[in-house]
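Trainee: need coordinates for the below:
(chains A and B)
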Amino acid sequence: MFWERLLRLDRRWIFLFVAVSVLLPLLFNLECHQVPTPIVRGIFDKLESLPPGSHVLLSFDYGPSTVPEISPMAHAVIRHCLERDLKVVFMALWATGQNLLTSTVDSVVKLEFPHKVNGTDYANFGYKAGNQGVINVIATDFYKMFTTDISGMPARTMPLMEDVENMSDMSLIISFGGGFPGIKEWVQFAGDVAHVPVAGGCTAVSAPLLYPYYPQQLIGLMGGIKGAAEYEAMLTHTYPKFDPLPKRGMLAMGPQTVAHLVIMFFIVVGNLAYFLSRSHKAKA
Amino acid sequence: MFANIDLTFWVGAFLTVAIFSFLYKDNPVYKLAEHLFVGISAAYWMSVGIWTTLVPNLLCRLCPGWVNSLAGSDCLCPPASHVSGYERWIYLVPLVLGILLLMRLSPKGGWIGRWSLAFIVGITAGLNLLRYMQSDFMAQVQATMITLLPGWQGFGHFFGNLSLSLDSPLVATFSAWVVFFGTFCGLVYFFFSKEHKGWFGGASRFGIWVLMVTFGAGFGYTVMARISLLVGRFRYLFGDLIDMMNS
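Mentor: Now for the predicted structure:
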């Protein structure tokens, strides 16, 4: 009888439990120790191995709906690149990515690295329409697609772009996204064509679809907030100066852990209730 | 405590709570938020399409002077983005194709838009065909042809480094066998030209288990994604309270 009543439990109770299990760890700052996995460490180690002055292309291929997952990893990677004096080329294949990219440049690059010069240490080329066609063009000629940055500064005259003609001149490409166009298109049209190492930071939903590309076609992948938390853990461990900065990825792992335990509990109880009520009916 | 709170925060907070109210039950406040979302999204995409695609990629190539005179400065079409000579007139082709595509809105002239659609389908198929063949077929097949004893340096090295750490020979070897058997048995499950009996049936059943594990991992990742979004919304709603509790 009890199990049958449990099967008819109003699902709003489950929503309430999940909400509480997310809110309480947030309020009490429950942190979980992060052990970096090889798939995330691959990106970190690659950035560590690049000599200062190497070009890294960061593509913002996401929208506001996935900001809580993607932004922490984008912020961590940008901090890492600029701390290592790498030259960062920003662009976006998603129209919504341009606004997010500009606000990220304002809040991370300009605020935390005020000595870095636009056009010399980094450049924001913004969004270009054309999906994988954009990658296809810049694989052979970057300036055919990007004549200026978003402020109208000519790309060819930038000190940052002195040695850059096409995609092959990039030492690493990192796409933040997971939808279309995104990491998969960067692998297909840039990594496999120009033989440039490609890495990605994606939403958790799209991570299983991208795992098959690792390690041959993707040197690393940050899957969801867990990937972001692992990257933040490695960054703060290697560069303690970043420790006081907000670590949104690591802070989100406490609520993640508790919420997962709650959902697993409901899955176990739900199955138990189903099988026990079925056997009860069979006996009756 | 609630410093830096402005009107946009309250609008965002109201709309977040309005959308969450659907979890209790469908209601007019949720409907309002839903309709606002659809309407604003459509308007946003239209405006983004005009300012990030039509203006810089077409109008600035065809008639930059006219666009700049309308804008009152050369911020929309900076001189570096100008094209000259015959290259400029090539942009008449996408203009005509774009106008033809708009003919789909006309009840009688809808068929004219097929020319533009044919161009889009042709270009996309041409671009994708080779890349999918190379990156999603050849390279993926190649990725499963791996050595089953990665980094093998003899039994002494294997048993001397016996541990469950991610870079140990045991875990690397186990992973290689899982990839090999998982791929093989997964393919067997989808091979319908032979009855699934005997060893073939066993491999097929193992293939189902591999698929189930994959779906389970996918579900786990989906839960993680949704919880991340919930964390993001809670941080938005209770950010100041969370910061105060954690300080």
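
Trainee: where's the residue sitting nearest the centre point of chain A relative to A:Val134, distance?
Mentor: For chain A, the residue nearest the mean C-alpha position is A:Gly201 (3.1 Å; C-alpha atoms, centre = their mean). As judged by C-beta to C-beta, to the nearest Å, A:Gly201 and A:Val134 stand 19 Å apart. Using the backbone N, CA and C atoms, a C-beta is placed for each residue, glycine as well.

Trainee: over to B:Arg233?
Mentor: 32 Å.

Trainee: who's more crowded, the two?
Mentor: Remark: of B:Arg233 and A:Val134, A:Val134 carries more neighbours, 22 against 17, as counted by other C-beta atoms under 10 Å in any protein chain shown.

Trainee: can you pull the phi/psi pair for the closest residue to that one other than its chain neighbours?
Mentor: Nearest residue to A:Val134 in three dimensions, chain neighbours excluded: A:Lys128, at 4.8 Å (C-beta to C-beta, 6 or more residues apart in numbering or on different chains). When read as degrees, to the nearest 10, the backbone of A:Lys128 gives phi -130, psi 130.

Trainee: I figured A:Lys128 hits A:Phe146, correct?
Mentor: Yes. In this structure, A:Lys128 is within contact of A:Phe146 by C-beta atoms under 8 Å, at 6.8 Å.

Trainee: what do these two both touch?
Mentor: Common neighbours of A:Lys128 and A:Phe146 are listed as A:Met91 (criterion: C-beta atoms under 8 Å, 6 or more residues apart in numbering or on different chains).

Trainee: now do the contacts for the residue sitting furthest away from the middle of chain B.
Mentor: Going by C-alpha atoms, centre = their mean, the residue of chain B most distant from its centre is B:Gly156, 46.1 Å out. For B:Gly156, the contact set (C-beta under 8 Å, 6+ apart) is empty.

Trainee: relative to B:Ala176, how far out is it?
Mentor: On the measure of C-beta to C-beta, B:Gly156 and B:Ala176 end up 20 Å apart.

Trainee: where does the stretch 1-150 of chain A get nearest to chain B, residue-wise?
Mentor: A:Pro68 (2.7 Å; C-beta to the nearest C-beta).

Trainee: OK, contacts around that residue?
Mentor: A:Pro68 makes contact with A:Ile225, A:Arg248, A:Ala252, B:Ser228, B:Leu229, B:Val231, B:Gly232, B:Arg233, B:Arg235, according to C-beta under 8 Å, 6+ apart.

Trainee: so what's the first one scoring on pLDDT?
Mentor: pLDDT, A:Ile225: 95.

Trainee: same question, the second one
Mentor: A:Arg248 is assigned a predicted lDDT (pLDDT) of 90.

Trainee: list the contacts of stretch B:52-70.
Mentor: With C-beta under 8 Å, 6+ apart as the criterion, stretch B:52-70 contacts A:95, A:98, A:126-127, A:129, B:74, B:76-77, B:81-83, B:88, B:91-92, B:94-95, B:98.

Trainee: alpha carbons of that stretch, as PDB, please.
Mentor: The C-alpha trace of stretch B:52-70 is given here as PDB (Å, rounded to 0.1, in the frame of the first residue of the first chain):
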ATOM      1  CA  THR B  52      25.500  41.200 -38.300                       C
ATOM      2  CA  THR B  53      24.700  39.600 -41.600                       C
ATOM      3  CA  LEU B  54      22.800  41.800 -44.100                       C
ATOM      4  CA  VAL B  55      24.600  45.100 -43.300                       C
ATOM      5  CA  PRO B  56      28.200  44.000 -43.000                       C
ATOM      6  CA  ASN B  57      28.200  41.100 -45.500                       C
ATOM      7  CA  LEU B  58      26.000  42.500 -48.200                       C
ATOM      8  CA  LEU B  59      25.100  46.200 -48.000                       C
ATOM      9  CA  CYS B  60      28.700  47.200 -46.900                       C
ATOM     10  CA  ARG B  61      30.100  45.400 -49.800                       C
ATOM     11  CA  LEU B  62      27.600  46.700 -52.400                       C
ATOM     12  CA  CYS B  63      27.100  50.300 -51.300                       C
ATOM     13  CA  PRO B  64      29.300  51.200 -48.300                       C
ATOM     14  CA  GLY B  65      29.000  55.000 -49.000                       C
ATOM     15  CA  TRP B  66      25.300  54.900 -48.800                       C
ATOM     16  CA  VAL B  67      25.300  52.900 -45.500                       C
ATOM     17  CA  ASN B  68      27.900  55.200 -43.900                       C
ATOM     18  CA  SER B  69      26.000  58.300 -45.000                       C
ATOM     19  CA  LEU B  70      22.800  56.900 -43.400                       C
END
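
Trainee: in it, which residues are buried?
Mentor: Under the neighbour-count criterion of 16 or more other C-beta atoms under 10 Å in any protein chain shown, stretch B:52-70 has B:Thr52, B:Pro56, B:Asn57, B:Leu58, B:Leu59, B:Cys60, B:Arg61, B:Leu62, B:Pro64, B:Val67, B:Asn68 buried.

Trainee: are we agreed that the first one is in a helix?
Mentor: Yes. According to DSSP: H, G, I helix; E, B strand; the rest coil, B:Thr52 belongs to a helix.

Trainee: quick check: it vs A:Asn271, distance?
Mentor: From B:Thr52 to A:Asn271 the distance is 49 Å (C-beta to C-beta).

Trainee: same thing with the last one?
Mentor: B:Asn68 sits 66 Å away from A:Asn271, taking C-beta to C-beta as the criterion.
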